[in-house]
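Engineer: Generate coordinates for the sequence data below:
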Amino acid sequence: MKIYFDGACISEITEVLKLGIISGVTTNLSFCKKEMMVNKKDYLEILTDIKNIIEANKKKISFSIQVSKNNYNDMILEAEHFKKNFNSSNYDLKIKVPLNYENFKAINQLIKKEIKVNATCVTSLMQGVAAANLGCSYVSFFWGKMTDEDIDPKKIIYDFKNLLIKNSLDKTTKILVGSIRQPQVVSEAFVCGADIVTMQFSNFKKILNQLKSDEANLLFQADWNR
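Structural biologist: Next comes the predicted model:
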């Protein structure tokens, strides 16, 4: 049951790393584009900033980078560039590739080149099955997007986990759940069988701060200070 940070803001990553509870960082094009505009930097510069802060943490975690290209040849070249320039002994690099029919061709080639793939934007059981059979390291289900389409993410993740175990693929392919919109989804995803849940900065305080926990602490402090 691992928790990853989802975003690209250096100050947020720095803050969350101080908690000591995250085992990875995931990014996407939207997060990175926002930081590019704010900081007047290009994509590689933003990724380098994230790489440097993860390395400075000196705790080996996972780091997922999304390809920005949208055709076979360019995706392969970009992923190879990422592997060459963003590999580190301080983290485990995965390349995020959104799943669709054409992108499976690129994913197949990347895995043959021993590049670890985070299959992202997954919203169906059979997409997950195909990605696991191909050898993707992560299958990233988008919980919020699934509920938008009246798809039951709980059932799909539960069934997919059982299929991975039944077919001895649970050691090589991990279930990641993203697109988290409500804090309670984190616990629901883990109960359903998710290996990893990735969430944005705002959800950390919502999950770690609880009203009754604070109430108990205030009671202890009041008694102690009498």
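Engineer: What residues of the helix or strand hosting Val197 count as buried?
Structural biologist: Assigned by DSSP states H and E, Val197 belongs to strand 196-199. Neighbour counts over strand 196-199 (16 or more other C-beta atoms under 10 Å) mark Ile196, Val197, Thr198, Met199 as buried. C-beta here means a position set from N, CA and C on the backbone, and glycine is covered the same way.
Engineer: Quick one: the helices in this structure, in order.
Structural biologist: Using DSSP state H, the helices found in the chain span residues 10-19, 29-39, 43-57, 72-86, 101-112, 125-134, 143-148, 153-166, 184-192, 201-208, 211-224.
Engineer: wait, which of the ones you listed is closest to Val177?
Structural biologist: Ranking these by proximity to Val177 (C-beta to C-beta) places helix 184-192 first, at 4.1 Å.
Engineer: which parts of that closest one are buried?
Structural biologist: Val185, Val186, Glu188, Ala189, Phe190, Cys192.
Engineer: export these to TSV and tack on pLDDT and distance to Asn118?
Structural biologist: Formatted as TSV, the buried residues of helix 184-192 follow (pLDDT from 0 to 100; distance: C-beta to C-beta, whole Å):
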residue	pLDDT	distance to Asn118
Val185	95	19
Val186	96	19
Glu188	97	21
Ala189	97	16
Phe190	98	19
Cys192	97	19
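Engineer: Closest to Lys51 out of these?
Structural biologist: Val186 (26.1 Å).
Engineer: Quick check: closest non-adjacent residue to Lys83.
Structural biologist: Ile115 (5.3 Å; C-beta to C-beta, 6 or more residues apart in numbering).
Engineer: max-length strand in the chain?
Structural biologist: Using DSSP state E to define each element, the chain has its longest strand at strand 91-98.
Engineer: Please name every helix or strand in contact with it.
Structural biologist: helix 43-57, strand 61-66, helix 72-86, helix 101-112, strand 117-122 (3 or more C-beta pairs under 8 Å, 6 or more residues apart in numbering; DSSP states H and E).
Engineer: The last one vs helix 125-134, what angle?
Structural biologist: Between strand 117-122 and helix 125-134, the angle formed by their directions is 180 degrees, by axes from the mean of the first three to the mean of the last three C-alpha atoms, to 10 degrees.
Engineer: roughly how far is strand 117-122 from the heart of the chain?
Structural biologist: Offset of strand 117-122 from its chain centre (C-alpha atoms, centre = their mean, to the nearest Å): 9 Å.
Engineer: Just checking: what are the partner strands of it?
Structural biologist: strand 91-98 (parallel), strand 138-142 (parallel) (DSSP bridges).
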